[in-house]
Each structure stands twice: as C-alpha cells, then as structure tokens.
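Participant: my questions concern the predicted model and sequence given below.
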Amino acid sequence: MDEYALLAEERMEKSILNLKSEFATLRTGRASAALLDRIECDYYGEKMPINQISSISVPEPRQLLIKPYDKGDMRSILAAINASTLGINPINDGDTIRLILPPLTEERRRDLVKQAKKFTEEAKIAIRNIRRDANSSIKADKDLSEDMSKRAEEAVQKVTDEYVKKADELLKEKEEEILTV
C-alpha cells in the first residue's frame, strides 16, 4: 500500500475510534461508567468531567455509584447530572451518589438507534472527507505518473470502503445491543 493510503487509513482509524467512544455514551440496558463521560460539572470555577473528580463504579447491572474524591463536590456533581440529558434522578447517599437506570421503553430504544445511526453517518462523512483529502494530495503530487496516481487513488478507495464497512458493522452491533430487552 502506498503512503497516501496509509496516511488515510491512520486518520480513518481515528474516526472509527471516535465512533466507538460516541457509542459508549449511548445508554443500553446495562449501566456503564461511559454514560457520564460527557457530563461536566463546576469544579472551582472550571468545567471538569465527572470521571476526573470522582470514582464511578457499577455495583449492579442497572446502577452507577459515584464517589467524589472531595465531598465538597457533591452539589456540583448532582447539579450537572440533573442538568444533563440522561433523564435520571441522582440519589444522594451522603458521601456517594447513586444513579438507578430504569428499563428502556421501546420508544426510547428507537430514539437511541436513531442517535447511533446519526453518529455512524457522521463517522462515514469524516471517512469520505479523508478520502477526498487524500485524492487531492495525490492529484497535487506532480512526481507521480498517471498510472501511479490512479493506483494510489484505487488504494485509498479500497481503504475507504473497508472503513465504511467497519462503521456499518459497529452500528449493527450497537443496534442489536440497544434493541435487546
């Protein structure tokens, strides 16, 4: 494989990793600490992710336990969770916070699948943009003969097809996970 395809593949791999991290934030039937990855709370005037100022554990399949390192952060963590789109009421146990995840309704599952499809489409767009950038670089390289540039474009297209397929496979897995009751 030539250098253009390798560079494109490296960037496309980052798009797939980003898609996986997006999927981790979607709530399925099980509790996961990744649900709180995007929620930031006020920490001495700065916005800080909850997972950096507390430990998060999963004591039961439908429960998260948040234990702040500093008890004074309880109020800001509670406020951040209440302000988030999780739709879960935190329970203050004094020195810990419990999040009990209710079972997903059919309607909520369909919404999550839509969101997963949106994340996948964004990843595919990023992958196609990487292909476009690689093809522009190939066309701009005056040292390449016509045959070599054609071969390089074909290699880039092959890598693009491979990563679009990976994104679709990840979506299929996530869809099954969400829809499984």
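Facilitator: Nice, I can see it. Note that the structure is predicted; figures quoted are calculated from it, not measured.
Participant: and the strands in the chain?
Facilitator: For the chain, the strands defined by DSSP state E occupy 40-43, 46-49, 54-60, 63-68, 91-92, 97-100.
Participant: identify whichever of the ones you listed lies nearest to residue 80.
Facilitator: When the strands of the chain are compared by CB to CB, strand 40-43 sits nearest residue 80, at 3.5 Å. Where you see a C-beta, it was placed from the backbone N, CA and C, and this is true even at glycine.
Participant: so for that closest one, mean pLDDT?
Facilitator: Averaged across strand 40-43, pLDDT comes to 88.
Participant: ok, stretch 86-96 next?
Facilitator: For stretch 86-96, the per-residue pLDDT averages 85.
Participant: can you list the buried residues in it?
Facilitator: 86, 88, 90, 96 (16 or more other CB atoms under 10 Å).
Participant: quick one on the thing from earlier: adding distance to residue 152, write the strands of the chain out as a markdown table.
Facilitator: Putting the strands of the chain into a markdown table (distance: least, CB to CB, whole Å) gives the following:
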| stretch | distance to residue 152 |
| --- | --- |
| strand 40-43 | 43 |
| strand 46-49 | 41 |
| strand 54-60 | 46 |
| strand 63-68 | 48 |
| strand 91-92 | 58 |
| strand 97-100 | 50 |
